[in-house]
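>>> I'll drop the sequence and a predicted model, then ask my questions.
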Amino acid sequence: MLNSDQTEIDLPPAHSESDSVFSDCGHTGGTEDAGVVGLCSQSRMAEPGDAVKKDLQHLSREERRRRRRATAKYRTAHATRERIRVEAFNMAFAELRKLLPTLPPDKKLSKIEILRLAICYISYLNHVLDV
């Protein structure tokens, strides 16, 4: 639970000038490490996202959520998930359609027609079992 002084975003602690850029990686910064500059994944150089995080601190949780959802990366991921969902939905209707008797058997049916025909067919099968 966050109190009024806390925010949802936790920023990493700032390093002082005396700290080595590679202190998180175990490098000492000596002459033998001159070739590994930029290879450390844990380095804490000023990142472009740090300024954005500071700007987002004063926003409400809902506003941060809206801004995150407005990014191209989020929209692309959402569109991909939606496409997968719709494909699964259509495949389920196709499977149901294969189980229903119609004349002609290859007749194209809308989704609502498939559902109505399935209801009628289930009703008919229940009647047959009751007799």
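Ah, there it is.
>>> Can you classify residue 101 by secondary structure?
Taken by DSSP: H, G, I helix; E, B strand; the rest coil, the conformation at residue 101 corresponds to coil.
>>> mind listing what it touches?
For residue 101, the contacting residues are residue 121, by CB atoms under 8 Å, 6 or more residues apart in numbering. Any C-beta I mention is one placed from the backbone N, CA and C, and that applies to glycine too.
>>> Phi first, then psi, for it.
For residue 101, the backbone dihedrals (degrees, to the nearest 10) come out as phi -80, psi 130.
>>> count of neighbours near residue 113?
Other residues within reach of residue 113, judged by other CB atoms under 10 Å, total 14.
>>> and if you look at residue 97?
Residues contacting residue 97 under the criterion other CB under 10 Å number 17.
>>> cool, residue 109 as well?
Other residues lying near residue 109 total 15 when counted by other CB under 10 Å.
>>> so which helix or strand takes in the nearest residue to it once chain neighbours are set aside?
Beyond its immediate neighbours in the sequence, the residue positioned closest to residue 109 (CB to CB, 6 or more residues apart in numbering) is residue 97, lying 6.2 Å away. Using DSSP states H and E, residue 97 sits within helix 72-99.
>>> and stretch 89-96, C-alpha only, in CSV?
Backbone C-alpha positions of stretch 89-96 (Å, rounded to 0.1, in the frame of the first residue of the first chain) are rendered in CSV as follows:
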residue,chain,number,x,y,z
PHE,A,89,-13.1,-17.5,-31.4
ASN,A,90,-13.5,-18.1,-35.1
MET,A,91,-11.9,-21.6,-34.9
ALA,A,92,-14.4,-22.5,-32.1
PHE,A,93,-17.3,-21.5,-34.3
ALA,A,94,-15.9,-23.5,-37.2
GLU,A,95,-15.6,-26.6,-35.0
LEU,A,96,-19.2,-26.1,-33.8
